[in-house]
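1. Turn this into a structure:
(2 chains)
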Amino acid sequence: MELLIKNGFVYDPINGINGERMDIAVKDGKIVKDVGSRAKVIDASGMVVMPGGVDIHSHIAGGKVNSGRILRPEDHYKDVEPKTATTRSGVGYSIPSTFTTGYRYARMGYTTVMDPAMPPLEARHTHEELSDTPIIDKASYPLLGDWWFVLEYLRNGELEECARHVAWMIKATKGYAIKLVNPGGLEAWGFGRNVHSIDDPVPNFGLTPREIIRGLCKVNKLLNLPHTIHVHTNNLGVPGNYLTTLETLKCVEDLANDGKPVIHITHCQFSAFKGEDWRTFESGAEEIANYMNAHSHVTMDMGQIIFTDTTTMTADGPFQYTLYTLSGNKWINHDVETETSAGIVPFHYRPKSAVHATQWSIGLELALLIKDPWKMVLSTDHPNAGPFIAYPMIIAWLMSRKAREENFKKLHKRAQKKSLLPSIDREMSLYEIAIMTRAGQARALGLKNKGHLGIGADADIAIYNINPENLDPSRDYEAIIYAFRNAAYTIKSGDLVVKNGKVLKHVPGATLWVNVQLCKPCEIEVDADMKRKFKEYWTVEYENYPVSEGYLAISSPINVEADV
Amino acid sequence: MSVVKAVTCPVCGCLCDDIELTIENGRITKVKNGCAMSEAKFTSHCCEHRVTKPLIRKDGKFVEVTLEEAVRKAAEILANAKYPVLYGWSCTSCEAIKVGIELAEEVGGIIDNTSVVCHGPSVLSVQQVGIPSCTLGQVRHRADLIIYWGCDPWSAHPRHIERYTAFSEGRFEKSTWRGYLNKMKALMGRKKIESALRRLAPKKRSQVMEHYERAPYPYISKEGRKLIVVDVRRTKTAEIADYFIQVEPNRDYELLKAMRALVRDHELEVDKVAGVPVEYLEDVVDAMVSCDFGALFFGLGLTMSSGKLKNVEEAIRLTRDLNMRTKFIIMPMRGHYNVEGANVVSAWETGYPYAVDFSLGYPRYNPGETTVVDVLLRKESDAALIVASDPVSNFPQAAAEHLTANPLIVIDSHMNITARMADVLIPSAIVGIEAEGTAYRMDHVPIPMKKVVDPPDGILPDEEILRLILKEVKKIKSERGHSG
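-> Have a look, this model is predicted:
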């Protein structure tokens, strides 16, 4: 199948292309140099052509996402998708059903989405749902920051053993990266406790979050994984936590060499709180941005608040419990044996709440004060800070001071006074937006064939109805929102799947995972060790734990050779 | 002869996956590690009450037909129906349920599962207040207080206690198996004393017995795991409990409310609540508040007695309140091995866990309106497909009557009562024995089910049969000129 996208304004930051008018040629699902005369032609004149969107952190599949769906029928009543000749029916808003999730991302021109938190024991569930999410390519990160094997091996200083077991786990769960959530805190939550700093020892285990973070950072390097460790910091959501975040960033500074990132801090907004309590609450974004501007070993994503009724869901059990006590809303808790935890609480962000309004400001301050867009990419930690369908609005806020001002007017006065936004003039360009929503995300993830339009890349392309020669995004931000909400064309693996915001076909997407190859005798040893200890740790059999490739609709392994 | 290990049992919500089967000549001859129900299902797979051939009712009698004919007839019934119901799903694989949902969407019907007669109220309560819970391994490793309320695992989930709760070995808590043996000995001793007293002094008996009944149970303050049972009668599980609370029938709500008050340090101004002396309640709540990790399991005693979802809601609120003082979880004892899977798959594909109505082209959920039992009672449906379930044997009579008064398609491995009333009956392979698939345990941990023997000749798994019917339905609709 050959495709030729003619004459569009191409934004491909990984290859340094900034709005050049050029043709993109596609053959057999890949970007190629040129195609024959029988190729299907898409006339992209007067339109922006970008790589398909990449989302580094969005909760779209698995146990807690689904419990969220069950918890909130009221979230679905108001937002339905009827069945059509080409698409399945579904429901949406903050926790859409799987078919709807795939369609809605594709309609925005997104083609790769990473589910950031998979409890390893329930990995099968995550994969079943991912396989049932059409069109987009996806992957998931197993939660390993509180896994008993990790805690024990790191406490005993057995780094290589730890690495081998982590490799086993990544393969068994068909995972993509090492995820840490409130490291140490989730194990403490097993008995209803928490950790309160990165040097607070984990009850019953004796090591500290600092040791877990450093240990897994080293493990990540030993295993040569494409992404860095993906960290949801300790003390998330606690006023004053920006200090914990800075300590977390500092604690792996010495592990960085050759200037490449060694840690990714996710939804940083929730970890950039200054102040002593909710009354003195203010933004710590400036301090974090200053650190980020002076260092290059960290990548981040925003976690931008949207003022709406949404659903919080994270693996941070103790934090979710706090949210329940703060809001009085219904609360689901789900601790997973040996491994991790989860909590779900519906939440409504209001501009007239001084705290929420400041949170809204924090996310944008972070993105605008951090000079290099490669370091800070766009996200809402869907659905925690807001549903992913709000991304076009965030793009508008980043590109247009006027758009920010319109929203600023609605904020609580105290938040307005404390916010740095009035002093920030920066307006991002389409090139920077392309970095924040695709190129930067793909690079942080280590995805070689995504997020760019160079020869050999996967043919995942989004074409938006924006003419950079006629449109001033700063003034016409409404047009920006509309264009990014309804892609003119979305092409996935060389297949035209969306036209003018309408989904043309229901096709499966691939599930990416890392096939970590250890040295042969190590593989055998790790398998034997796991087998021996399994019954002691879990309530399922060793044989029934790993997820077979059959659960992935399209399995797309990335082979990686470890240094152990 | 071969031995297959790590087999997942397809019976109850425990979803034990450590079963070892011995297979000789295509038949399971020995079952190791399984409870009585497990052994019965595994060893009877070939021979008892199997449906062996596709059947269609013609002139009131079952006639053997080819699979193609049965599929065609089933597809016609569904495609021509205005408001069909597709029910059951709890004893088959998630893969089959996915096809079932697609089929329901295609024919604009309702897809509902056995939650509607079992833990439906629990789902409704969760939708009101949420639920603090965990996986069963957390209970095994950490729980030092276990409460079974309105359920009898000794009979219904036989290995629950030994695999996950009081008699299991955890990292932080040991099994209380030995304590149980001692208690059984003491119980035998006491029974001997009672029968001796009965023989020796019939008149004085009541005084002595009263003394026994008033003495506080010593086990509530012991070390190690404690087991508390709350029920309307002294069940087998109650016999092995450290503390048994006999609640008056239909009064669980009051008892839960009273416990919540005690957890919050309120004084109760009555002597008894729901038939239980307040001093006993205070002992129990004291144990609950001072434990390290408590787990409350509940069953139909709460979901199907007066109050229904309000009972479960109160139990969940009690658990939430306890989380202010200590760590506490609550979990429904799901009955069928994959009813949780039916809820889970339904939720991720449609947004709702059961009672999903596709008649308007998109998923709608309104228990009471879209639940199958209510639809049948209001005589609104005009056809039905029953998969892996036996509604005629357990639905209200009026509902079962309407079910059988209309065209009824049944896909099942066994000739149960519903199958006997079918208009089209298609035999299926037993998931977990003759067909593989995925199932979800009561704590929604997904576990793969194995295929260990071949099904009888010509019999397919539910998943495949449903796919054939779906294909045929699409064909019929396109022949009719309908789109989508």
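
2. Sticking with A:Val231, tell me its helix or strand.
-> In this structure, A:Val231 sits in strand A:229-232 according to DSSP states H and E.

3. any idea what sits nearest the residue in the stretch 1-150 of chain B that chain A sits nearest to, other than its immediate chain neighbours?
-> Per CB to the nearest CB, B:Gly137 is where the stretch 1-150 of chain B lies closest to chain A, at 2.6 Å. Yep, even glycine has a C-beta here, placed from its N, CA and C like the rest. Counting by CB to CB, 6 or more residues apart in numbering or on different chains, B:Gly137 lies nearest to A:Glu337, which is 2.6 Å off, once chain neighbours are set aside.

4. which other residues reach the longest helix belonging to chain A?
-> Ordering each helix of chain A by length in residues (DSSP state H) puts helix A:520-537 first. Here helix A:520-537 makes contact (CB atoms under 8 Å, 6 or more residues apart in numbering or on different chains) with A:148-149, A:164-165, A:167-168, A:337-338, A:518, A:541-542, A:545, A:564, B:137, B:171.

5. May I ask which two of those residues are separated the most?
-> Greatest spatial distance among the contacts of helix A:520-537 (CB to CB): A:Val564 and B:Gly137, at 28.1 Å.

6. the more surrounded of the two?
-> A count of neighbours by other CB atoms under 10 Å in any protein chain shown puts B:Gly137 above the other of A:Val564 and B:Gly137, at 25 against 19.

7. Test my guess that the more buried one contacts A:Thr340.
-> No: here B:Gly137 does not reach A:Thr340: they are 11.8 Å apart, not a contact under CB atoms under 8 Å.

8. picking that back up, following the chain onward from the strand holding A:Val231, which element is next?
-> Sequence order places helix A:242-250 as the next helix or strand after strand A:229-232, per DSSP H and E.

9. measure the residue nearest the centre of chain B to A:Asn204 for me?
-> Centroid-nearest residue in chain B, with CA atoms, centre = their mean: B:Gly335, separated by 1.3 Å. Distance, B:Gly335 to A:Asn204, using CB to CB, to the nearest Å: 35 Å.

10. any idea how far the helix or strand of chain A with the lowest mean pLDDT is from the chain center?
-> Scoring the helices and strands of chain A by mean pLDDT, DSSP states H and E places helix A:520-537 at the bottom, with a mean of 91. Chain-centre distance of helix A:520-537: 31 Å, with CA atoms, centre = their mean, to the nearest Å.

11. try stretch B:393-411
-> The chain centroid and the centroid of stretch B:393-411 are separated by 21 Å, computed with CA atoms, centre = their mean.

12. what does stretch B:310-321 give?
-> How far stretch B:310-321 lies from its chain's middle: 20 Å, per CA atoms, centre = their mean.

13. Enumerate the positions of the longest helix of chain A that are buried.
-> For helix A:520-537, a neighbour-count test (16 or more other CB atoms under 10 Å in any protein chain shown) marks A:522-523, A:526, A:530, A:534, A:537 as buried.

14. and the stretch 51-200 of chain B, which of its residues are near chain A?
-> Counting by CB under 8 Å from any CB of the partner chain, the positions of the stretch 51-200 of chain B adjacent to chain A are B:94, B:98, B:102, B:105, B:123, B:126-138, B:140-142, B:163-164, B:171-172.

15. one step back: list the neighbouring strands of the strand holding A:Val231 plus their orientation.
-> Paired strands of strand A:229-232, with direction, are strand A:179-181 (parallel), strand A:263-265 (parallel) (DSSP bridges).

16. Out of those strands, which is closest to A:His76?
-> A:His76 lies closest, by CB to CB, to one member of those: strand A:179-181, at 26.6 Å.

17. Report the next helix or strand after that closest one in sequence order.
-> Sequence order places helix A:185-189 as the next helix or strand after strand A:179-181, per DSSP H and E.

18. Which pLDDT does the model give the residue of the stretch 1-150 of chain B closest to chain A?
-> Per-residue pLDDT puts B:Gly137 at 97.

19. hmm, who's touching the helix or strand hosting it?
-> Applying DSSP H and E as the criterion places B:Gly137 in helix B:136-142. For helix B:136-142, contacts defined as CB under 8 Å, 6+ apart pick out A:121, A:190-191, A:335-338, A:537-539, B:146, B:163-165, B:168-173, B:292-293, B:295, B:327, B:329, B:331, B:441-443, B:445.

20. try 7 Å
-> A:190-191, A:335, A:337-338, A:538-539, B:164-165, B:168, B:170-173, B:292-293, B:295, B:443 (CB atoms under 7 Å, 6 or more residues apart in numbering or on different chains).

21. Show me the residues you listed that map onto strands.
-> Judged by DSSP state E, the subset of the contacts of helix B:136-142 located in strands is A:335, B:293, B:295.

22. Scan those residues and report the most crowded one.
-> Within these, A:Asp335 tops the neighbour count with 29 neighbours, counted by other CB under 10 Å.

23. What residues does that one make contact with?
-> Contacts for A:Asp335 (CB under 7 Å, 6+ apart) come out as A:189-190, A:317, A:341, B:134-135, B:138.

24. what do you get if the cut-off is 6 Å, keeping everything else the same?
-> Contacts for A:Asp335 (CB atoms under 6 Å, 6 or more residues apart in numbering or on different chains) come out as A:190, A:341, B:134, B:138.

25. separation between the nearest residue to it once chain neighbours are set aside and B:Gly458?
-> Nearest residue to A:Asp335, sequence neighbours excluded (CB to CB, 6+ apart): B:Cys134, at 3.8 Å. B:Cys134 sits 44 Å away from B:Gly458, going by CB to CB.

26. same deal with A:Ala562?
-> 49 Å.

27. More neighbours: which of these two?
-> Between A:Ala562 and B:Gly458, counting by other CB under 10 Å, A:Ala562 is the more crowded of the two (20 against 11).

28. pLDDT wise, what is the closest residue to the more buried one other than its chain neighbours at?
-> Closest residue to A:Ala562 apart from its sequence neighbours, by CB to CB, 6+ apart: A:Leu223 at 4.5 Å. We have a pLDDT of 97 for A:Leu223.

29. Give me the neighbour count for A:Leu223.
-> A:Leu223: 22 neighbours (other CB under 10 Å).

30. Can you give me every residue that contacts B:Val229?
-> Neighbour list for B:Val229: B:148, B:237-238, B:241, B:244 [criterion: CB under 6 Å, 6+ apart].

31. Repeat that for B:Asp423.
-> Each residue near B:Asp423 by CB under 6 Å, 6+ apart is listed here: B:57, B:407-408.

32. State the pLDDT value of it.
-> With respect to pLDDT, B:Asp423 has a value of 97.

33. same deal with A:Leu430?
-> On pLDDT, A:Leu430 comes in at 97.

34. Where does the closest residue to it other than its chain neighbours sit, in terms of helix or strand?
-> Excluding its sequence neighbours, the residue lying closest to A:Leu430 (CB to CB, 6+ apart) is A:Tyr11, at 5.5 Å. According to DSSP H and E, A:Tyr11 maps onto strand A:2-12.

35. Pull that strand out as CSV, backbone CA atoms only.
-> Taking Å, rounded to 0.1, in the frame of the first residue of the first chain, the C-alpha atoms of strand A:2-12 are listed here in CSV:
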residue,chain,number,x,y,z
GLU,A,2,1.5,3.3,-1.1
LEU,A,3,0.6,6.7,0.1
LEU,A,4,1.8,10.2,-0.8
ILE,A,5,1.1,13.2,1.4
LYS,A,6,1.7,16.1,-0.8
ASN,A,7,2.7,19.6,-0.1
GLY,A,8,2.0,19.9,3.6
PHE,A,9,3.8,22.1,6.2
VAL,A,10,5.9,19.4,7.9
TYR,A,11,7.0,19.7,11.5
ASP,A,12,9.4,16.9,12.4
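
36. Which one of the contacts of B:Val229 is nearest to chain A?
-> Nearest to chain A among those, counting by CB to the nearest CB, is B:Tyr148 at 17.9 Å.
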